[in-house]
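Novice: Below: sequence and its predicted model.
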Amino acid sequence: MNNQIQTWIYATRPHTLGASIAPMLILFGALVVEDVMHWGLYLLAFVVAVSAQISSNLANDYYGYKRGEDTDQRVGFSRLLTTGEVTTKQMLVAFGISLSVCGIAGICLVALTNWWLLAVGVLIGIGVIAYSAGSYSLSRMALGDLAVVLFYGLIPISASYFAIADDRPPLYLILLALGIGIWEANILVSNNYRDYLEDMESGKRTLIVRMGKSSGPLLYLLNSVLTTIFLCIGLVSEGSWVGAIVILLLGVLLFGNGCLAIRRLKGRSLNKLLRYTNMTTLIIGVVVMCSLLS
């Protein structure tokens with residue numbers, strides 16, 4: 001029983017879940033500082049965000065296996081379908097459960113707030129599947145990085161704020177959403193840089209495959225710089241100069257370390273960078289949240 005639980009926890013890819021948790025931490029800070037926090041609605045938005053990412057991860061496992069992209073020769077994290085630890089039917093059932101949780105929480109949120117947000121929910125549902133499914137999926141058409149910025153940065157923060165506050169998100173929050181979304185794209189950069197050769201062989205045309213392997217470190221650096229700029233401007237706009245200084249210092253330390261690591265690490269060692277980038281995402285989320293609350 002314990003092994004099964006551990007297996008399915010692993011299937012959710014906890015080493016990436018900072019991408020959905022960090023934006024919700026920033027949202028929390030904004031809702032409190034703007035005095036519009038509603039705990040019930042916030043928890044529903046949190047469930048939607050995390051379950052949407054888990055659903056996307058499970059779908060990615062399934063479609064990656066069916067297309068033959070994930071083999072036992074992969075240098076990245078092992079895939080449960082490839083190792084035979086779960087069957088395709090079990091993976092589909094898990095995906096269905098996760099997507100149902102996301103849908104139910106989303107419908108409850110829409111019913112309690114504004115029905116036009118149902119369109120946002122439909123867009124998220126389409127994004128969950130479109131990221132991996134089909135020959136022209138977002139991940140195969142070099143649109144994965146843009147999808148991360150939108151679906152893990154701008155959309156969850158902006159739409160959730162509007163639903164909970166019943167008002168447009170302030171400009172500083174839009175800037176923070178862009179900043180965290182761009183940094184989260186580095187989780188994908190780490191993944192795609194590691195998988196460059198496998199993606200080339202399988203015909204998966206990620207942004208790094210299209211631009212060449214040498215673009216990986218450059219993209220990581222560019223995202224790091226843009227993240228620092230957007231987060232600092234956002235915090236200054238909100239009035240948190242101290243928070244902006246802290247983010248600037250963290251940018252030099254944490255982002256700089258990641259930029260050095262992607263140039264130094266090779267093969268399976270890049271899994272460490274992916275974990276590091278995910279952990280840094282959570283640290284950023286906590287720092288920005290605390291900056292807003294201080």
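Specialist: Ah, there it is.
Novice: And the strands in the stretch 151-294 of the chain?
Specialist: Along the stretch 151-294 of the chain, no segments are classed as strands by DSSP state E, counting those that start in this stretch.
Novice: where in it is pLDDT low?
Specialist: Using pLDDT under 70 as the threshold, the predicted model of the stretch 151-294 of the chain has no low-confidence range.
Novice: need the helices for the stretch 51-200 of the chain, in chain order.
Specialist: Counting by DSSP state H, counting those that start in this stretch, the stretch 51-200 of the chain has these helices, from start to end: 80-83, 88-112, 118-130, 144-149, 155-165, 171-194, 196-202.
Novice: want to throw these into JSON lines with distance to Y42?
Specialist: Where you see a C-beta, it was placed from the backbone N, CA and C, and this is true even at glycine. As requested, those are exported to JSON lines (distance: least, Cβ to Cβ, whole Å):
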{"stretch": "helix 80-83", "distance to Y42": "32"}
{"stretch": "helix 88-112", "distance to Y42": "10"}
{"stretch": "helix 118-130", "distance to Y42": "16"}
{"stretch": "helix 144-149", "distance to Y42": "23"}
{"stretch": "helix 155-165", "distance to Y42": "6"}
{"stretch": "helix 171-194", "distance to Y42": "14"}
{"stretch": "helix 196-202", "distance to Y42": "38"}
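Novice: most tightly surrounded among these?
Specialist: With neighbours taken as mean count of other Cβ atoms under 10 Å, these reach their highest mean count in helix 171-194, at a mean of 25.
Novice: That one to helix 155-165, inter-axis angle?
Specialist: Relative orientation of helix 171-194 and helix 155-165, computed by axes from the mean of the first three to the mean of the last three Cα atoms, to 10 degrees: 150 degrees.
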